[in-house]
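Student: Prediction below, plus the sequence it came from.
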Amino acid sequence: MINSTRVLYFALLAYFDTGVFKYLYFIIVMSLYMLIVCGNLLLIVVICMNRSLHEPMYLFLCSLFVNELYGSTGLFPFLLVQILSDIHTVSVPFCFLQIFCLYSYGAVEFWTLAIMSYDRYLAICYPLQYNTRMTSNKVAVLIALTWLFPFFEIAVPIFLSSSLQLCGNIINKGFCDNYYVVKLACSDTTVNNIYGLINTCLVIFGPLSLILYTYVKILKVCYSGSKQTRQKAVSTCTPHLASLLNFSFGCSFEILQSRFDMSSVPMMLRIVLSSYFLTCQPIFNPLMYGLQMSKIRSLCKSLIFG
């Protein structure tokens, strides 16, 4: 039995010898990361610098863009190092730090999308009472909760996993994953499994329930409302729904390839699918909201072109 104190590093098996192509992969991944940083940072600056955008909807968007930077930074620099490295290992403390960053990124993303749907629900269903229901103090509290609550709920499984006794150190993936660490345990994982189920409900089904409730209410108002109400709902809800579907799509890929045997799928495709929600979502959101919302689009143009 290998005691957890003797496991000093984890070996990542999702990498293979790409020869001279590793420099091409490095350039591609670096370009993606720079695109994510520049796109999200541009929109954060635009929202922060223009007082006309200091409204709840745009402040929630700003929080979303900050989370994209947070999540991608937890993955991309690590990937860049691994692509150029000949030895694909990661220390145990860094592995758990990466797990915390990536899992909390996913939780913050879901809860931010849920709060954004609640904001649209108030704006469409209660337009005359919107300013009294969505005050600046309430916005600040909601943004704080979308960050603090996920950080707390993700810290618990990380603590439980770090105390496990491990019988191996091989992770068949391109980055650290708590599910794979727990599978390496040779001690009892009942508590980990129970909390993992509870945590899944909190992170996924909690936000999705709120989103489903708000959109049912929005659809009812649109069905019985005026044409202007329906146009407002479509223009503000379309990018949100697209972002939600894209992120859910990526998370489904991650869950499927983690829980089921995917050995018949090419390794490169498995790496791409497992990191989809960490790569495509941070690119997709700035493009979707930047192109869809005319106010953001015009301010971006004035900032870039003067």
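Tutor: Sure, I can see it.
Student: need the strands for the protein, in chain order.
Tutor: Along the chain, counting by DSSP state E, strands occupy 9-12, 89-91, 170-171.
Student: tell me the most buried of the ones you listed?
Tutor: A comparison of the strands of the chain by mean neighbour count, using mean count of other CB atoms under 10 Å, puts strand 9-12 on top with a mean of 19. No exception for glycine: its C-beta is placed from N, CA and C like everyone else's.
Student: Which neighbouring elements make contact with that one?
Tutor: Packed against strand 9-12 by the contact rule (3 or more CB pairs under 8 Å, 6 or more residues apart in numbering; DSSP states H and E) you find strand 89-91, helix 92-125, strand 170-171.
Student: And that strand, how far out from the chain middle?
Tutor: On the basis of CA atoms, centre = their mean, to the nearest Å, strand 9-12 sits 24 Å off its chain's mean C-alpha point.
Student: looking at it, residue 285 is touching residue 62, isn't it?
Tutor: No: with contact defined as CB atoms under 8 Å, residue 285 and residue 62 do not form a contacting pair (11.4 Å).
Student: check contacts around the one residue sitting closest to the centre of the chain.
Tutor: Central residue of the chain (CA atoms, centre = their mean): residue 106, 3.6 Å from the mean position. For residue 106, the contact set (CB atoms under 8 Å, 6 or more residues apart in numbering) comprises 71, 203, 251, 277.
Student: Residue 226: neighbouring residues, count only.
Tutor: For residue 226, the neighbour count with other CB atoms under 10 Å is 10.
Student: what do you get for the one 10 residues further on?
Tutor: By the criterion of other CB under 10 Å, residue 236 has 18 neighbours.
Student: now residue 236, nearest residue through space, not along the chain?
Tutor: Nearest-residue entry for residue 236: residue 120, 5.6 Å, with adjacent residues in sequence omitted and distances by CB to CB, 6 or more residues apart in numbering.
Student: ok, that neighbour - contacts?
Tutor: 57, 214, 218, 233, 236, 237, 240.
Student: Looking at the contacts of residue 106, which is nearest residue 161?
Tutor: Distance to residue 161, by CB to CB, is smallest for residue 203 among the contacts of residue 106, at 15.8 Å.
Student: ok, the closest one - contacts?
Tutor: 106, 107, 110, 150, 153.
Student: change it to 7 Å
Tutor: Contact analysis of residue 203 by CB atoms under 7 Å, 6 or more residues apart in numbering lists 106, 107, 110, 153.
Student: are any of these buried, and which?
Tutor: With burial judged by 16 or more other CB atoms under 10 Å, the buried subset of those is 106, 107, 110, 153.
Student: Which residue is the nearest non-sequential neighbour of the third one?
Tutor: Right, the one you point to is residue 110. Using CB to CB, 6+ apart and skipping residues adjacent in sequence, the residue nearest residue 110 is residue 207, 4.1 Å away.
Student: Equivalent analysis for residue 171, please.
Tutor: The shortest distance from residue 171 to any non-neighbouring residue, by CB to CB, 6+ apart, is to residue 180 (4.6 Å).
Student: And that neighbour, how far from residue 11?
Tutor: 11 Å (CB to CB, to the nearest Å).
Student: same deal with residue 120?
Tutor: As judged by CB to CB, residue 120 and residue 11 stand 45 Å apart.
Student: Ok, residue 98 next?
Tutor: With CB to CB as the criterion, residue 98 and residue 11 are 15 Å apart.
Student: With residue 243 instead?
Tutor: Residue 243 is 35 Å from residue 11, by CB to CB.
Student: Common neighbours of residue 180 and residue 11, please.
Tutor: The contact sets of residue 180 and residue 11 overlap at residue 171 (CB under 7 Å, 6+ apart).
Student: sorry, back to before: using TSV, please lay out the strands of the chain together with mean pLDDT and distance to residue 146.
Tutor: Listed next are these as TSV, based on pLDDT from 0 to 100; distance: least, CB to CB, whole Å:
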stretch	mean pLDDT	distance to residue 146
strand 9-12	88	30
strand 89-91	90	29
strand 170-171	86	29
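Student: Turn those strands into a markdown table, including distance to residue 142.
Tutor: Output for the strands of the chain, formatted as a markdown table (distance: least, CB to CB, whole Å):
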| stretch | distance to residue 142 |
| --- | --- |
| strand 9-12 | 36 |
| strand 89-91 | 35 |
| strand 170-171 | 36 |
